[in-house]
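K.L.:
Kindly return the folded structure for what I paste below:
(one chain, ligands or ions: 1)
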Amino acid sequence: MSVLALSELTLSHFRSHRAGRLVLDGRPVAIHGPNGAGKTNILEAVSLLSPGRGLRRAAAEEMARRPEALGWKIAATIRSLWQVHEVETWAEPGQSRQVRIDDKAASQAALGRIARVLWLVPAMDRLWLEGAEGRRRFLDRMVLSFEPGHAEAALAYEKAMRERNRLLKEEARDGAWYGALEGQMAEAGAAIIANRAAALARLAAAQEGAETAFPAATLTLSHPEGDLPESAGELTEAFAAGRRRDMAAGRTLVGPHRIDMGATYAAKGVAADQCSTGEQKALLISLILANARALAEDFGAPPILLLDEVAAHLDAGRRAALYDEICALGAQAFMTGTGAELFEALGDRAQAFEVHETGGNSEITEGRLA
Ligand SMILES: Nc1ncnc2c1ncn2[C@@H]1O[C@H](COP(=O)(O)OP(=O)(O)OP(=O)(O)O)[C@@H](O)[C@H]1O
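P.N.:
The predicted structure follows:
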């Protein structure tokens, strides 16, 4: 059994699941069922066992089961290395998401120290073609898996930047106030930059010489306003120097929040946005697998992987290769697909669940693939 895995997951009034329960043994999890059955909703629930808004980036109230909209709750037993944790996360109507770990109130950031979760969803099929925000988010999710403290740095940076942007919009001229916020941004920003650089180096090393059916991706970071300073001191100077221009723009123009991530299909030297649809997906899978290999080495366990409709765009050969790599890694990967036949190659190496919707409620039953 993987040393990072859920052994139980229960969903209460969460989206289409009135009361769903999965008992898991650490093998990969193949979830099949027709469109709209509630498969992705299960993956979304698992994604909420890590910091942030989950794989749909939905607001807490959207996730409450309709029509009752009473609030929702997810509970999980998570084995993380040699410890077992009971994690609960929920939202009451009109309230933000709450977390309890082992019966004690906890922050969302604390979740990152227990469950390292990475995901690929169909919306990311256009990740290399669309705006920088999605790529930055994908990058930061990988960074967070290596360095759970990244969540705190990102929160501290965003909070100070929101305040600074408010001052800019109000055209405030209080230098000391700007200075204090810029100092906080510089300190958190330098940590963000260093965490990202370390993660990129780790991913490059994990791809080198790896035996995988997926193409290596060379990653680069760029900043739209020229080279981004890296140290806290240089960042402080850059923020102070940019005040006038930022005031005209009404927002902060320089900083790690504007970084973009580019990828190249290394063996071909072709930029990801010029690759075929299948190749673009393969590059994402390649990165997730490299991340998982690296984490297995550094942390002692691969992350929990959420691969929504991962079989789409993959031919049978690549699909089988993906399953083999996931099993070799020992990762608890949750995968969805419309038919059980998509997972046949997994046989007894995975647990299989079927999801059906009846009368507006999702029902989960365990079955077999072999
Ligand atoms: N807050 C909610 N309350 C009740 N049902 C909801 C809520 N949010 C979404 N749903 C329902 O959940 C279903 C979608 O579930 P999900 O995205 O998990 O489907 P899926 O099985 O992954 O389907 P597909 O194969 O089409 O991707 C839809 O029927 C939708 O109406």
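K.L.:
Touching, Arg349 and Cys327? I think so.
P.N.:
Yes. Counting by CB atoms under 8 Å, Arg349 does reach Cys327; the two are 5.0 Å apart. C-betas here are computed from N, CA, C, even on glycine.
K.L.:
tell me, what's touching the two both at once?
P.N.:
Pro28 (CB atoms under 8 Å, 6 or more residues apart in numbering).
K.L.:
residues touching the closest residue to the ligand within the stretch 151-300 of the chain, list them.
P.N.:
Here the stretch 151-300 of the chain gets closest to the ligand at one residue, Lys281, 16.1 Å apart by CB to the nearest ligand atom. Lys281 makes contacts with Asp125, His313, Leu314, as judged by CB under 8 Å, 6+ apart.
K.L.:
That one: which element?
P.N.:
If you go by DSSP states H and E, Lys281 is part of helix 277-298.
K.L.:
just Val84 next, same as before
P.N.:
Here Val84, judged by DSSP H and E, is contained in strand 83-91.
K.L.:
Next one: that strand, is it in contact with the ligand?
P.N.:
No. Applying CB under 6 Å from any ligand atom, one finds strand 83-91 separated from the ligand by no less than 11.6 Å.
K.L.:
Can you list the strands that that strand pairs with?
P.N.:
Strand 83-91 pairs in its sheet with strand 72-80 (antiparallel), strand 98-101 (antiparallel), by DSSP bridges.
K.L.:
Can you check which of those strands gets nearest to the ligand?
P.N.:
Of all these, strand 72-80 sits nearest to the ligand, with 8.2 Å by CB to the nearest ligand atom.
K.L.:
Figure out how far the closest one is from the centre of its chain.
P.N.:
How far strand 72-80 lies from its chain's middle: 17 Å, per CA atoms, centre = their mean, to the nearest Å.
K.L.:
So what touches it?
P.N.:
Outside of strand 72-80, the residues within contact range by CB under 8 Å, 6+ apart are 1, 3-15, 26, 45-46, 48-49, 63-65, 84-91, 114-115, 301.
K.L.:
tell me what the one helix or strand Trp119 maps to is packed against?
P.N.:
Trp119 belongs to strand 117-120 when assigned by DSSP H and E. The contact analysis (3 or more CB pairs under 8 Å, 6 or more residues apart in numbering; DSSP states H and E) places strand 117-120 against helix 39-47, helix 132-146, helix 277-298, strand 304-307.
K.L.:
Would you mind extracting the C-alpha trace of the helix or strand harbouring Phe334 into PDB?
P.N.:
According to DSSP H and E, Phe334 maps onto strand 333-337. C-alpha atoms of strand 333-337 as PDB (Å, rounded to 0.1, in the frame of the first residue of the first chain):
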ATOM      1  CA  ALA A 333      -4.200   7.700  -8.400                       C
ATOM      2  CA  PHE A 334      -8.000   8.400  -8.700                       C
ATOM      3  CA  MET A 335      -8.900   8.100 -12.300                       C
ATOM      4  CA  THR A 336     -12.300   8.600 -14.000                       C
ATOM      5  CA  GLY A 337     -13.700   7.500 -17.300                       C
END
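K.L.:
Against which helices or strands is it packed?
P.N.:
Counting contacts by 3+ CB pairs under 8 Å, 6+ apart, strand 333-337 is packed against strand 29-32, helix 39-47, strand 304-307.
K.L.:
is the last one anywhere near the ligand?
P.N.:
To tie it back to what came earlier, the one meant is strand 304-307. No. Counting by CB under 6 Å from any ligand atom, the ligand has no neighbours in strand 304-307; the shortest distance is 11.6 Å.
K.L.:
Check what contacts the helix or strand following that strand and list those residues.
P.N.:
Moving toward the C-terminus from strand 304-307, the next helix or strand (DSSP H and E) is helix 316-329. Residues outside helix 316-329 that contact it (CB under 8 Å, 6+ apart): 28, 212-214, 282, 285, 289, 292-293, 296, 302, 305, 310-311, 314, 333, 342-343, 345-346, 349-350.
K.L.:
Show me what residue of the stretch 51-200 of the chain gets nearest to the ligand.
P.N.:
Counting by CB to the nearest ligand atom, the stretch 51-200 of the chain gets nearest the ligand through Arg66, at 3.8 Å.
K.L.:
Quick check: which element contains that residue?
P.N.:
Counting by DSSP H and E, Arg66 is part of no helix or strand.
K.L.:
ok, of the contacts of strand 72-80, which come out buried?
P.N.:
Listed as buried from the contacts of strand 72-80 are 3-7, 9-15, 26, 45-46, 48-49, 63-65, 85, 87-91, 114-115, 301; burial here means 16 or more other CB atoms under 10 Å.
K.L.:
thought Leu228 was touching Gly255?
P.N.:
Yes. Using CB under 8 Å, Leu228 is in contact with Gly255, at 7.4 Å.
K.L.:
residues touching Ala370, list them.
P.N.:
Ala370 neighbours (CB under 8 Å, 6+ apart): Gly347, Asp348.
K.L.:
Show the pLDDT at it.
P.N.:
Listed pLDDT for Ala370 reads 74.
K.L.:
what does Gly183 give?
P.N.:
So Gly183 comes in at 98 (pLDDT).
K.L.:
Just give the number of residues close to it.
P.N.:
16 (other CB atoms under 10 Å).
K.L.:
Check the secondary structure at Arg27 for me.
P.N.:
Classification of Arg27 by DSSP: H, G, I helix; E, B strand; the rest coil places it in coil.
K.L.:
Grab the longest strand from the chain for me.
P.N.:
Counting by DSSP state E, the longest strand found in the chain is strand 4-14.
K.L.:
neighbouring contacts of that one?
P.N.:
17-26, 41-42, 45-46, 49, 63-65, 68, 70-81, 84, 115-116, 299, 301-304, 332.
K.L.:
Perfect, I'm done here.
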